[in-house]
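Asker: Have a look at this prediction, sequence included:
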Amino acid sequence: MYPMAALVRTVLNTAARVAPGPAGRAAFHLFVRPLGRARPRPDEQALFDAARTGRLRVRGKDVVTYAWGDGRRPVLLVHGWSSRASRLTAFAEALLERGYSPVAFDAPGHGESPGAASNIIEFRDVIRELHARHGDFEAVVAHSFGVLATHLALRDGVHGGVRAGRLVGLGGVGSFTMLLAGFRAGFGVNDLVVRCMRAHVERRIAPGEPGIWDRFDAEGAAAGLDLPVLLFHDEDDDMVPVVQGRRLARAHGDRARLVVTRGLGHRRILTDPGVVAEAVAFVTADAGPEPAVTVPGSGIATG
């Protein structure tokens, strides 16, 4: 339950009946605000102190970017909601050791980037700008909401836009509907409030983008992508249910391999040595993803 959820519920549910426009706008402003601003951890600081930092501007907002390596074989790292680029430090370090050039960013309202809010379209547009700067990515490694945003960027980039050779998803959100359902449950708002919020997105956030709700859905986007995919999802993930990972794997079909971990949850999956090693081996391999297998005694099962 969110702070002051009871008050918010009462106000929004009432407003949606008498003033749907303002109610939709208010609900949207709550929906796009990260829950706090994560700070870097001590074991992340050294790598980010050594990064080439930059800035880009997307939809009127400043975004802090990070890059390492010599620029060859770029790999994009995409953080999740209410998170920051430094949470993917283990992957950046391992890729650097293999001669790759990690690229990352803090979305608006996240990490070191200013602001108080962001949304999936801003994530997509940041990815587009970084692709324009760095060229085609050898791979994208994305976590949680970042997996959903990456699918949107890749799908919208099929015709001359963002291109990547491989995709690694960790604890990935596959359905935008899940996020809407979580917002509705967290605040206890009714369906009318959600409909008003969707109308606000269509009118103000994504005008001129027909079918935007279908494109928000990573499961639908997966069908139009032709690249090898490796997905990790913990069976005890308390933020994004493992069913999301299974649905994403099915949507990608034979191109994807799903690794279901145990005991790592939604966050520790980003620092587990086995996960990091397998993901980096996949990114740097010449061949496609391996068939699904069970790894005895490793705490990792696939399927």
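Answerer: Structure's in. What do you need? What you are looking at is a predicted structure, and each value in this text was computed from that prediction instead of being measured.

Asker: quick one, helices of this structure?
Answerer: Ranges of helices in the chain, per DSSP state H, are 5-18, 20-31, 42-49, 89-97, 120-134, 145-156, 176-187, 191-200, 212-216, 218-222, 242-252, 273-284.

Asker: OK, contacts around residue 148?
Answerer: 120, 172-174, 176, 179, 216, 218 (Cβ atoms under 8 Å, 6 or more residues apart in numbering). For the C-beta atoms, the positions are set from N, CA and C on the backbone; glycine is no exception.

Asker: mind checking how far residue 62 is from residue 122?
Answerer: 11 Å (Cβ to Cβ, to the nearest Å).

Asker: Same check on residue 31?
Answerer: Going from residue 31 to residue 122 by Cβ to Cβ gives 13 Å.

Asker: ok, now residue 63?
Answerer: Residue 63 is 8 Å from residue 122, where distance means Cβ to Cβ.

Asker: overlap in contacts of the two?
Answerer: With Cβ under 8 Å, 6+ apart as the test, residue 63 and residue 122 both reach 107-108.

Asker: Neighbour count for the two, which is higher?
Answerer: Taking neighbours as other Cβ atoms under 10 Å, residue 63 and residue 122 compare with residue 63 leading, 27 against 22.

Asker: Residue 125 is in contact with the more buried one, correct?
Answerer: No: with contact defined as Cβ atoms under 8 Å, residue 63 does not reach residue 125; the gap is 9.2 Å.

Asker: if we can go back for a sec, make TSV from the helices of the chain and add mean pLDDT and distance to residue 266 to it.
Answerer: Shown next, in TSV, are those (pLDDT from 0 to 100; distance: least, Cβ to Cβ, whole Å):
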stretch	mean pLDDT	distance to residue 266
helix 5-18	79	21
helix 20-31	86	20
helix 42-49	95	17
helix 89-97	97	15
helix 120-134	94	18
helix 145-156	92	11
helix 176-187	84	13
helix 191-200	88	24
helix 212-216	76	21
helix 218-222	85	17
helix 242-252	95	10
helix 273-284	97	13
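
Asker: Which among those helices is found nearest to residue 68?
Answerer: The closest of the helices of the chain to residue 68 is helix 89-97. By Cβ to Cβ, the value is 5.5 Å.

Asker: helices and strands around the closest one, which ones?
Answerer: Here helix 89-97 touches helix 42-49, strand 74-78, strand 101-106, helix 273-284, going by 3 or more Cβ pairs under 8 Å, 6 or more residues apart in numbering; DSSP states H and E.

Asker: in it, what counts as buried?
Answerer: Buried residues in helix 89-97, counting neighbours by 16 or more other Cβ atoms under 10 Å, are found at 89-96.

Asker: what residues does that helix touch?
Answerer: Applying Cβ under 8 Å, 6+ apart, the contact partners of helix 89-97 are 43-44, 47-48, 68-69, 75, 77, 101-102, 104, 141, 270-271, 273, 276-277, 279-280, 283-284.

Asker: Write the PyMOL selection for whichever of these are buried.
Answerer: Those of these that count as buried under 16+ other Cβ under 10 Å are selected in PyMOL with:
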select buried, resi 44+47+48+68+69+75+77+101+102+104+141+270+271+276+279+280+283+284
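
Asker: ok so, going back, between residue 62 and residue 122, what contacts are shared?
Answerer: Between them, residue 62 and residue 122 share the contacting residues residue 108, judged by Cβ under 8 Å, 6+ apart.

Asker: Run through the residues that contact residue 286.
Answerer: With contact set as Cβ under 8 Å, 6+ apart, residue 286 has no partners.

Asker: Among the helices of the chain, which comes closest to residue 82?
Answerer: That would be, of the helices of the chain and by Cβ to Cβ, helix 145-156, which comes in at 8.6 Å.

Asker: Give me the angle between that closest one and strand 74-78.
Answerer: Interaxial angle of helix 145-156 relative to strand 74-78 (axes from the mean of the first three to the mean of the last three Cα atoms, to 10 degrees): 130 degrees.

Asker: How far does helix 145-156 sit from its chain's centre?
Answerer: Distance of helix 145-156 from its chain centroid, counting by Cα atoms, centre = their mean, to the nearest Å, is 7 Å.

Asker: now that helix against helix 242-252, angle please.
Answerer: 20 degrees.

Asker: relative orientation of helix 145-156 and helix 176-187 in degrees?
Answerer: Going by the same axes, to 10 degrees, helix 145-156 makes 150 degrees with helix 176-187.
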